[in-house]
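S.K.: Predicted structure and sequence below. I'll ask about it afterward.
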Amino acid sequence: MTIEEFVEACKAAALEDRATAAVSEVVERCVGDTAFLDELPGARPGIFPLHREDALSIFKIVVPPGYVSLPHDHRMWAVIGIFSGREDNEFFRRAGDTLQASGGRSITDGEVLSLGTQTIHAVGNPLQHAGTVAIHVYGGDLVTAERSMWTSDPWTEAPYDALSVTGTTLA
């Protein structure tokens, strides 16, 4: 599958009634495709845009070893597929003016995770020797969306700041 074919398949899937499930199927097909991975930009840690429009954005993300983000939301559905490495997701729910931990899920090589529009999570790469290489598909323009992050513990809500959450100003 080429990048263009992947983007078109995601765009078509995002129009279906069960968009998240349909996009998950597309992502599941690509995370085991080494030829597709070889076509993607970026080997170093970072966020590499593949597609951005109001209704859909797609990024290749390379998470450095030992990285942990602040809790944040997307306010849109998301589908995450892992090519290599591991991504730990710690989930939270609102508890008054702060957050309360509400479980987690780890995904690794070839696995896919779907997140709903209300999900609040922190992301980490627990591996100390390797980056995590993933594809992230969002049901909107993640870069321009109004979002929140939470700082300190007890968690305090603040406007999303990409540099604080991801270490980059892209997403």
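M.R.: Thanks, I have the structure now.

S.K.: and the gap between the residue of the chain positioned farthest from its centre and Gly167?
M.R.: For the chain, the largest distance from the centre (CA atoms, centre = their mean) belongs to Gly96, which lies 26.0 Å off. Taking CB to CB, to the nearest Å as the measure, Gly96 falls 29 Å from Gly167. Using the backbone N, CA and C atoms, a C-beta is placed for each residue, glycine as well.

S.K.: now do Thr2
M.R.: From Thr2 over to Gly167 the distance is 29 Å, taken as CB to CB.

S.K.: more neighbours, the two?
M.R.: Neighbours per residue, other CB atoms under 10 Å: of Thr2 and Gly167, the larger number sits with Gly167, 14 against 10.

S.K.: Could you list every helix and strand in contact with the lowest-mean-pLDDT helix or strand in the chain?
M.R.: Lowest by mean pLDDT, DSSP states H and E among the helices and strands of the chain is helix 162-166, with a mean of 82. Under the contact criterion of 3 or more CB pairs under 8 Å, 6 or more residues apart in numbering; DSSP states H and E, helix 162-166 touches strand 148-151.

S.K.: ok, 7 Å please
M.R.: Judged by 3 or more CB pairs under 7 Å, 6 or more residues apart in numbering; DSSP states H and E, helix 162-166 has no packing partners among the helices and strands.

S.K.: partner residues bridging the residue nearest in space to the middle of the chain?
M.R.: In the chain, the centroid-proximal residue (CA atoms, centre = their mean) is His136; its distance is 4.4 Å. Beta-bridge partners of His136, counted by DSSP bridges, are Phe59, Ile80.

S.K.: ok, it touching Val62?
M.R.: No: counting by CB atoms under 7 Å, His136 does not reach Val62; the two are 11.2 Å apart.
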